[in-house]
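# Okay, predicted coordinates and the sequence, questions at the end:
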Amino acid sequence: MRIHASCLDHVVLNVSDLDASRRWWSTLTGVRATRDHEGEVSFVIGAQAIRLRQGVPAPGGSISVCLMADASIDELHQRAEELHAVHGDVHPRTAATAPAQALTIADPDGYQVELATYTPEGAPIP
């Protein structure tokens, strides 16, 4: 058995308030949510999905998601401001395919979300 190169299909996050989280993630990603037959809210981004499920959130700091964006770090900072999201400073990261810079914010349940973009000198490795 081999796992496909684009093996990550979806991630499911338990959230305390499904409607509030749906609005937050929709604003963050710019993607319209859909609801599946199990009641989960899905945001399809490329070939992957982030799914939200009503439930008890994981303990703070236990889950971190990195979203690569086709935007400048200044645009990512602006998006964090639009969400009124508490965030730290821009920091370098080692993404899966190239160097990146990221800004870490927290969703309504405290999940850490890195908004990242490839560094000007870096480019994704195919």
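That came through fine.

# Going by neighbour count, list what's buried in the lengthiest helix in the chain.
When the chain is parsed with DSSP state H, its longest helix is helix 18-29. Neighbour-count burial for helix 18-29, counted by 16 or more other C-beta atoms under 10 Å, picks out 18, 21-22, 24-25, 28-29. (Each C-beta comes from the backbone N, C-alpha and C, glycine too.)

# and if you look at stretch 29-47?
Buried residues in stretch 29-47, counted by 16+ other C-beta under 10 Å: 29, 33, 40-43.

# For Ser64, state which of those is nearest.
Among those, Thr29 lies closest to Ser64 (C-beta to C-beta), at 16.2 Å.

# wait, doesn't that closest one sit right on Phe43?
Yes. Here Thr29 reaches Phe43: they are 5.4 Å apart, a contact under C-beta atoms under 8 Å.

# where's the residue nearest to Arg32 when sequence neighbours are not counted relative to Leu83, distance?
Nearest non-adjacent residue to Arg32, counting by C-beta to C-beta, 6 or more residues apart in numbering: Ser26, 6.6 Å away. Counting by C-beta to C-beta, to the nearest Å, the gap from Ser26 to Leu83 is 11 Å.

# need the contact list for the closest residue to Gln54 other than its chain neighbours.
Nearest residue to Gln54, sequence neighbours excluded (C-beta to C-beta, 6+ apart): Leu18, at 4.6 Å. Contacts of Leu18 were listed using C-beta atoms under 8 Å, 6 or more residues apart in numbering, and they are 41, 52-54.

# now the strands for this protein?
Using DSSP state E, the strands of the chain run over residues 10-15, 34-35, 41-45, 48-54, 64-68, 91-94, 99-106, 112-118.

# To Leu76, which of those lies closest?
Taking C-beta to C-beta, strand 112-118 is the member of these nearest to Leu76, at 4.2 Å.

# could you give the angle of that closest one to strand 64-68?
30 degrees (axes from the mean of the first three to the mean of the last three C-alpha atoms, to 10 degrees).
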